[in-house]
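> Build me a model:
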Amino acid sequence: MRRLLVFGRLLFDGRVPLRLKLGFFIVAGGYLLFPLDLLPDILPVVGIVDDGGILLSSMVLFTRFARKYLDVTAANAETREGVVTYSQSIKGHGQ
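Numbers count the residues shown, from 1 in each chain. Next comes the predicted model:
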């Protein structure tokens, strides 16, 4: 349940690039809507399980890529903040 909440938050986070969100919907939605599956939906349980597996796999990949992007963004912000603080202290403005 926690992973689903994290996925939802990342999906609606403005810092995650739109191309990553669209990629998730194209892969997951495309597979679910495509008439040919790895395992046909006619099979009672197995046909639906493969759709769920593809959906879960694409959610996990989206979450990993989005988290990596946010980690890089946070690291860049910390670096920029450190540079600004350092340059201000050199000029005497940070005191």
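> Just give me the residue right at the centre of this structure.
Closest to where the C-alpha atoms of the chain average out (C-alpha atoms, centre = their mean) is Ala66, at 3.0 Å.
> quick one: that residue and Leu55, what's the gap?
According to C-beta to C-beta, to the nearest Å, Ala66 stands 16 Å off from Leu55. Where you see a C-beta, it was placed from the backbone N, CA and C, and this is true even at glycine.
> One more: Leu20?
Leu20 sits 16 Å away from Leu55 when distances are taken as C-beta to C-beta.
> cool, Leu4 as well?
Distance from Leu4 to Leu55, by C-beta to C-beta: 11 Å.
> Neighbour count: the two, which is higher?
Leu55 (16 against 11; other C-beta atoms under 10 Å).
> which ones are touching the more buried one?
Shown in contact with Leu55 (C-beta atoms under 8 Å, 6 or more residues apart in numbering): 28, 32.
> does it sit in a helix or strand, and which one?
helix 46-91 (DSSP states H and E).
> any weak-confidence spans in this structure?
In the predicted model, the chain carries pLDDT under 70 at residues 35, 38, 41, 73-95.
> out of everything not next to it in sequence, what's closest to Val46?
Excluding the flanking residues, the one nearest Val46 by C-beta to C-beta, 6 or more residues apart in numbering is Leu39, at 5.2 Å.
> For that neighbour, the count of nearby residues, please.
Using other C-beta under 10 Å, Leu39 has 14 other residues around it.
> Do I have it right that it meets Gly47?
Yes. With contact defined as C-beta atoms under 8 Å, Leu39 reaches Gly47; the gap is 5.2 Å.
> Contacts made by stretch 26-46 with the rest, please.
By C-beta under 8 Å, 6+ apart, the surrounding residues in contact with stretch 26-46 are 47-51, 54-55, 58-59.
> Quick check: the farthest pair among those?
Spanning the widest gap among those are Gly47 and Met59, at 19.7 Å by C-beta to C-beta.
> Which one of the two is surrounded by more residues?
Taking neighbours as other C-beta under 10 Å, Gly47 and Met59 compare with Met59 leading, 19 against 14.
> Fine by me, we can end here.
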